[in-house]
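In: Following is a predicted model, sequence given first.
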Amino acid sequence: MKNRIEELRKERGITQIELADSLNVTRQTISSLENGRYDPSIILAYKVARFFGLTIEEVFIYEDD
């Protein structure tokens, strides 16, 4: 699953650490999300989308196999 987290974070001038702290996760989790190595739980996806004021679909791009 692709996502726009890095793009959105950089647009807002937020570091990985700042985003991680806001979402109560580690910086490594944010890095893994941004690099596509980790698919978030629905709860984390919701928190990320809500943080950016967007819908889950606007942040995460589901690609059918």
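Out: Received, thanks.
In: where does this protein have low pLDDT?
Out: Low-confidence segments of the chain, defined by pLDDT under 70: 65.
In: now the top helix by length along it: how far from the chain's centre is it?
Out: Longest helix in the chain by number of residues (criterion: DSSP state H): helix 42-52. Its chain's average C-alpha position is 7 Å from that of helix 42-52, according to CA atoms, centre = their mean, to the nearest Å.
In: Show me the contact partners of the helix or strand that that helix is followed by.
Out: Counting by DSSP states H and E, the next helix or strand C-terminal to helix 42-52 is helix 56-59. The contact list for helix 56-59, computed with CB atoms under 8 Å, 6 or more residues apart in numbering, reads N3, R4, I5, L8, A45, Y46, V48, A49, F52. (Each C-beta comes from the backbone N, C-alpha and C, glycine too.)
In: In space, what's closest to the fifth one - neighbours in sequence excluded?
Out: Okay, so that is A45. Spatial nearest neighbour of A45, chain neighbours left out: I56 (5.1 Å); criterion: CB to CB, 6 or more residues apart in numbering.
In: re earlier: need the CA coordinates for the longest helix of the chain. PDB is fine.
Out: C-alpha atoms of helix 42-52 as PDB (Å, rounded to 0.1, in the frame of the first residue of the first chain):
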ATOM      1  CA  ILE A  42      -6.900   0.800  10.600                       C
ATOM      2  CA  ILE A  43      -6.700   2.800  13.900                       C
ATOM      3  CA  LEU A  44      -3.200   4.200  13.000                       C
ATOM      4  CA  ALA A  45      -4.300   4.900   9.500                       C
ATOM      5  CA  TYR A  46      -7.300   6.900  10.900                       C
ATOM      6  CA  LYS A  47      -5.000   8.800  13.300                       C
ATOM      7  CA  VAL A  48      -2.600   9.700  10.500                       C
ATOM      8  CA  ALA A  49      -5.400  10.900   8.300                       C
ATOM      9  CA  ARG A  50      -7.000  12.900  11.100                       C
ATOM     10  CA  PHE A  51      -3.600  14.500  12.000                       C
ATOM     11  CA  PHE A  52      -3.400  15.800   8.400                       C
END
